[in-house]
Structure formats: structure tokens, C-alpha cells
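**Student:** generate coordinates for the sequence data below:
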Amino acid sequence: MGVVALAFVAACGSSGSSGGGGGNTLPTQGRVNTTSSNVNSINSGTAKQGGRLDYTIEKNIQDWNLNTVNGNTFDTGVVLNVVYPQVWIPNPDTSTLTLNTDLTPSVTQTSTSPQTIVYKINPNAVWSDGKPIDVNDFIYAWKTQNGKDCPACSIASTTGYDQIQSITGADNGKTVTVVFSKPFSDWKALFGAGYGLLPAHLCQCGDMTNKTTLAKSFNTTLDKSAPKFSGGPYVISKFQDNTAVTLVPNPKWYGKKPPLDQLVFHIITDSTQEPTALANKEVQAIYPQPQVDLVRQVENIANVRYQLDLGLTWEHFDLNLHNPALGQNPAGNALRKALFTAVNVQQIIAKTVGQFDPDVKQLNNRMLMPQQQGYQDNVSEFGYGKGNIDAAKKILTDAGYKNVGTTGLTNASGKKIPTLTMRYTVGNTIRKNECLLFKDAASKLGVNVSVQTTDDLGASLGHTAGKDYDIIVFAWVGAPFFSANRDIYVTPKGGAGGNNFGGYSNATVDQNLYASIQELDHNKLLGELNAADKQISADAYTLPLYQKPTFLAYYNNIVNLRDNATNVGPSYNAGTWGFA
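**Tutor:** Coordinates of the predicted model:
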């Protein structure tokens, strides 16, 4: 996202085992090798009390509600992992979850018919204003994200919440009983797992039946305003727009006191500047998208260690089907297929991430990563990503396009193909190169592509005027859940499809993905996902590029900081970070 990659928080992951390190041919004096046995515990240690740790994020934060379309970004989540409480937390192995026992010491599925989950909230769990964390916060999450009680809520996803029938409280609101109307296989994805709970009492929504009040609270309370509340180990003390977010220990935190006096997230949108900041000790840890020069710079910084891993994050090109030239009509279908046929994914890899990780290969599935059970190639049979210009031209010619390969390209109706705007996040050299290679391939068909940056990926994906796109490159940052695929690809209707930014619609895909989130038979579930994925390929909506390497570098006196190549990122356990 990236997931939302973006890097986006919105997930496109699933259960499976991690592939561990990504493999590279660079010198490795600072590299920390991870294995399946140590990936969740590497760099563990006892942190002394006190100190300030400075870390980097690569995008400014403009919407602080992780559950909205615009706020659902990876960098926002990295900061808020230690602010918004979460029931379950994805682990670095990319396949397992840890129950946040500080918040909920016990979570139990007490029935499968109807599916019923009982959450026991820590009696001492409170928000930073002293108000209890209780059933009302669970109800607020449900009502604002189920697509029914708050249709105007700008939600990133309804998945799972739209299958809840009721939420009731007992024991002064500290026991929460959730009953589902239909089975939901990924029920642990709810109320956290990278997204977090918000305090219901701040919205002043009363009994939460007023749709207007709910929408106003959900859409605007955290829009451009950093939260003054916290239910986690840290609370935000200062936000400097486009500069930094400073956090200090939450005085009302009900768990073990975090070691650091200050945790500062510096906003450095130009990743090439991150090694310099690390070398100068302006920051002590960085998490940039790796590129060969950047990795070599880090190699030469004394006392710095790094992890280079492959997880659930994957790079891709997306098309905006709201543009009639790219829409789901005969002419648009042909143009999309031709563009994906003309682009050369292996060339893109060789000139970007392949420079430091020769093991990176073209990704041919949107639902599963190569190390996961059920992965299969659902792309190659359509000829996408092979750089076959002649085949791409034939697709256009057969569809009635004229002047193919020239600047006078028109469709069968004689309408000239407009210049297409392609965006990437500002300061990301790898994505700039990916866009330029796409532009070059498109030009050979007669399609002019204008490559532009965006300083707000969420706004671009939300089609904000002046930041909108026709083609965009970003990465979904996956979580260990299958269900997140639904709202990326199902037909947008009501609240569903919050992450289907390009407006894609296919009834067969809808059927497959809706069936998958209710399917408790694992093999059948994988079959539904692959059937949907093959149809998305046939429709040429998105083009997977590659499984994206992650790169975490930090000074060797820091303990408990480690990579987590899921939607939560390394800050999943930032409440334990400190200095040895």
C-alpha cells in the first residue's frame, strides 16, 4: 500500500509461512540474517529506562483515522501502532498473530452457530483521559464500518464488520460479546490487527443511532488533526506538519511502562536522504524502500545493522477505470490489455530492485505470495508484463484503433486517446523509474503518459482534484488475512469496496470473494481466491510487479526493534523499543 503500501495499510495478505531473507549480492557485514526460527525474536534484549529514539517515515500524515480511505496508509499506521489499541497484532513471521493481553487478556470463540466471540477487556484499560476502554468502543468500530449504520462514513473496508449481527456488553462494559449473522473466517482481523480502536466517547454520538453524527465524527474528528488521546503505551505530544511526530509515554497506560522518554517519527519524503540522516545520527533507525546505492551507503555506516526481507508487500500498477479511455468498455478493455502487454516487468525489476536482490521475480498473483500455500501463476497466460510491443499493437488494431504506434492514436470511434496521468509517491526513485519505463512502453503504442508525483497517496487514491491519477504505482502492505482482498476488488456499493480505488466491477469476482470470506474449508477458500485472481487478470485491472523487499537499518545499541513485513511494520512492538 500500500496497504496500503501505500506503502499502504490496507491488506492484501493471507496465512502462510515467511520466506525469510530476500537474498542479495552486496557485502553483508551489517546484515542480520533472519530465519523462520528467529524472525519473531531477533534483536531481543533488555532496554534501559530513558532516552530518545528517532525513526523515519516517508509520507506526511493528513488524516489520522486509519479506518478511512485517506487515512489508511502504512506510514500513518506505523506512528499509530502505539497509540490506538489493537486486539490482535500480526507477527514478523507474516503468518501468526499475538493477542494483545494488555488490552484483552482473553478472547474466545464460544460458538460457531451462530459464530460468537467473547472479548474480556482488561479492567484497568483506559484511554488517556481516564475514560474506560469498553464495549462502546467496539460498537463504535462496528457501526462506523459496517456500511449500514453510517453509509456516509468514508471507510476503507466493511469486511467482517458487515457480517456482525450484534455487539453487547456485560461486567460494566468490560465483557464484549460479538455475534455474527454469517460466519467470518478472519474474525481476528477485526478491532485492530494494524487498524486499532477509537474512543467512542470522543464522538459524542450518544446511543450511536444518529447516522449524521456518526459520519461527522468518523470523517472529520481526525482529519488533519493529530489525536490528543491514546489507548496505547505512547501519546502524541507534538505534530509538526511535514516534519515530525513526537510521542511520549502515556501516563494512563495500563501496561508495562515503555522504556523511552521520547519516540520521534521524522517525515523524510526523499528516501535518498535517510542514510545521511542515519549517518549523522539525526535518526537512529530507517525503513526506506531499498535501492542499491542506499543499501551500500548504509553498509558503510559504523555500528549499523540491517534486515533485508521479503514479506507480504507487493508492488503493482493500477489503472483508473473511471477514465472512459480506460473504462470497462470494448475500447477501454483493449487499451488496458495492450498497456499491460507492452510493459516489460523483468526489465523493471532489473533496473530497480533487482540491482540489489537478484532473487526478485515477476509476481503473478494478487492474492498470495510465492511462499504461501495455493500460490499459482494467474497472469502469464494473458501475456502481460512481457514487453511484447507487436502483440500489444495487434490488440489495439483488432479492437479498431487507428494510427497505432503514433501520436495520433484514436479508438474505433475516432476519439483521440488523451494523455494519461501516472503518479508515484514523491521522493521514491524506484517508483519514478518504474513509471518512466511504463511511459516508454506506452509511447510505442502511441499513448502519451505524463509522469507526476504525489505528496499524498491517500488523496490520490481517493481521486482528490489535482492529485488524481489514471495510472498509479504503489504497494499493498499485507496482513496475515485473506479477507482483505474483498474490498480491493469487489464492486463498490454502499460502504463495500472502499479500497477498490479504480472502480473495477465483475460479478464473478464479487461472487468468488464474498464466498471466500465465509469459507472455512482452507482448500476451497484458496480456490475461490485464485478464480477471482484469474478473472482480474483477464480484465486487466491491475498488474502485479514483484514481491517487494523491505529494508530496516538501525544502530546496534537499539534492542527489540526488528522488521515486520506485514501491514503493521516494525513499530508493531514499539512499546518495547529502547537502548541496551
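**Student:** for Ala538, which non-adjacent residue is spatially closest?
**Tutor:** Across the structure, with C-beta to C-beta, 6 or more residues apart in numbering as the measure, the residue nearest Ala538 apart from its sequence neighbours is Phe382 (6.6 Å). C-betas here are computed from N, CA, C, even on glycine.
**Student:** pull the number of nearby residues for that neighbour.
**Tutor:** The criterion is other C-beta atoms under 10 Å. On that basis, Phe382 has 18 neighbouring residues.
**Student:** output the lowest mean pLDDT helix or strand found in the chain.
**Tutor:** Taking mean pLDDT, DSSP states H and E as the measure, the helices and strands of the chain show their lowest mean at helix 486-489, namely a mean of 84.
**Student:** by contact count, what packs against the helix or strand just after that one?
**Tutor:** The first helix or strand that comes after helix 486-489 along the chain, using DSSP states H and E, is helix 507-516. Taking 3 or more C-beta pairs under 8 Å, 6 or more residues apart in numbering; DSSP states H and E as contact, the helices and strands that helix 507-516 lies on are helix 486-489, helix 522-539.
**Student:** and the ones you listed: which comes nearest Thr212?
**Tutor:** The closest of those to Thr212 is helix 486-489. By C-beta to C-beta, the value is 23.9 Å.
**Student:** now the closest one: how far from the chain's centre is it?
**Tutor:** 13 Å (C-alpha atoms, centre = their mean, to the nearest Å).
**Student:** ok, now stretch 365-375?
**Tutor:** On the basis of C-alpha atoms, centre = their mean, the separation between the geometric centre of stretch 365-375 and that of its chain is 17 Å.
**Student:** what residues of it count as buried?
**Tutor:** Using 16 or more other C-beta atoms under 10 Å as the burial criterion, the residues of stretch 365-375 that qualify are Asn365, Arg366, Met367, Leu368, Met369, Gln371, Gln372, Gly374, Tyr375.
**Student:** for stretch 327-343, same thing?
**Tutor:** The neighbour-count check on stretch 327-343 (16+ other C-beta under 10 Å) flags 327-328, 331-343 as buried.
**Student:** next step: those residues restricted to helices.
**Tutor:** Cross-referencing these with the helices (criterion: DSSP state H) gives Ala331, Gly332, Asn333, Ala334, Leu335, Arg336, Lys337, Ala338, Leu339, Phe340, Thr341, Ala342 as the overlap.
**Student:** a markdown table please, covering the helices and strands packed on helix 507-516 and showing mean neighbour count and distance to Gln284.
**Tutor:** Putting these into a markdown table (neighbours: other C-beta atoms under 10 Å; distance: least, C-beta to C-beta, whole Å) gives the following:
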| stretch | mean neighbour count | distance to Gln284 |
| --- | --- | --- |
| helix 486-489 | 27 | 35 |
| helix 522-539 | 20 | 40 |
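**Student:** confidence-wise, which of the ones you listed is weakest overall?
**Tutor:** Set side by side, those give their lowest mean pLDDT on helix 486-489, at a mean of 84.
**Student:** check which helices and strands the least confident helix or strand of the chain sits against.
**Tutor:** Counting contacts by 3+ C-beta pairs under 8 Å, 6+ apart, the secondary-structure elements packed against helix 486-489 are helix 507-516.
**Student:** contacts for the helix it packs on?
**Tutor:** For helix 507-516, the external contacting residues (C-beta atoms under 8 Å, 6 or more residues apart in numbering) are 482-483, 485-486, 489-491, 525, 528-529, 531-532, 535-536.
**Student:** and the nearest residue to Gln284 once chain neighbours are set aside, what's its pLDDT?
**Tutor:** By the measure of C-beta to C-beta, 6+ apart, the closest residue to Gln284 outside its immediate chain neighbours is Tyr555, 5.0 Å from it. pLDDT for Tyr555: 97.
**Student:** Tyr555 reaches Tyr306, doesn't it?
**Tutor:** No - the pair Tyr555 / Tyr306 is not scored as a contact, 10.7 Å apart, by C-beta atoms under 8 Å.
**Student:** just give the nearest non-adjacent residue to Gly231, would you?
**Tutor:** Excluding its sequence neighbours, the residue lying closest to Gly231 (C-beta to C-beta, 6+ apart) is Pro85, at 3.9 Å.
**Student:** Phe191 now?
**Tutor:** Among residues not flanking Phe191 along the chain, Val87 sits closest, at 4.6 Å (C-beta to C-beta, 6+ apart).
**Student:** tell me if I'm right that that neighbour and Tyr119 touch.
**Tutor:** Yes - applying C-beta under 8 Å as the test, Val87 and Tyr119 come out as touching, 6.8 Å apart.
**Student:** pull up the overlap in contacts between those two.
**Tutor:** Shared between the contact lists of Val87 and Tyr119 (criterion: C-beta under 8 Å, 6+ apart) are residues Thr104, Val107, Phe191.
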